[in-house]
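Enquirer: Pasting a predicted model and its sequence here:
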Amino acid sequence: MRTRYLPEPFGIDKKDFSRCFSQPSLRHFIMLVVGWVLTVGQHTISRVILSVDAHEREHFASLYRFLSRAVWSWDSVSWVVFRIIHRTFLAEATEVCAWLTIR
């Protein structure tokens, strides 16, 4: 079976999301995010899993279980994503920087 090289997910440091997830959940989250970006065509969870060859390492059910039962906070994840977007694209935006330091 061929081995596919998957890049580190977009230079996103896993420590950014470490407060949002447990270690296994973090691995599943990163895998699904990378798969979502790499998927061509319809973005179903099954296709996302197939895009990163996750089915070769784990059973589909573990990833579906992550989506249905894992405990994590949408607010925490969205805040981390906002901070990454800000750091990457809006580093010179002073009003946003002032607001972020207040939070």
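Expert: Received the coordinates, thanks.

Enquirer: what residues go with each domain of this structure?
Expert: With domains defined by automatic domain parsing, the chain comprises 12-70, 73-103.

Enquirer: can you list these in TSV and add mean neighbour count and mean pLDDT?
Expert: Using the backbone N, CA and C atoms, a C-beta is placed for each residue, glycine as well. What follows is the domains of the chain, written out as TSV (neighbours: other CB atoms under 10 Å; pLDDT from 0 to 100):
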stretch	mean neighbour count	mean pLDDT
domain 12-70	15	83
domain 73-103	11	73
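
Enquirer: Quick check: the closest residue to V48 other than its chain neighbours vs F21, distance?
Expert: Distances taken as CB to CB, 6 or more residues apart in numbering put G35 closest to V48, at 3.8 Å, once the chain neighbours are dropped. Between G35 and F21 the computed distance is 16 Å (CB to CB, to the nearest Å).

Enquirer: how distant is stretch 28-35 from the center of its chain?
Expert: 5 Å (CA atoms, centre = their mean, to the nearest Å).

Enquirer: oh, I was asking about stretch 46-57
Expert: Stretch 46-57 sits 15 Å away from the centroid of its parent chain (CA atoms, centre = their mean).

Enquirer: got the end-to-end distance for that stretch?
Expert: Start-to-end span of stretch 46-57 (CA to CA, to the nearest Å) is 14 Å.

Enquirer: For the remainder of this discussion, apply numbering that starts at 141.
Expert: Happy to do that; since the first residue is 141 now, the last one works out to stretch 186-197.

Enquirer: circling back to that earlier point, right, and the helix or strand after the helix or strand containing the residue nearest to V188?
Expert: Taking DSSP states H and E as the definition, G175 sits inside helix 163-178. Counting by DSSP H and E, the next helix or strand C-terminal to helix 163-178 is helix 185-191.
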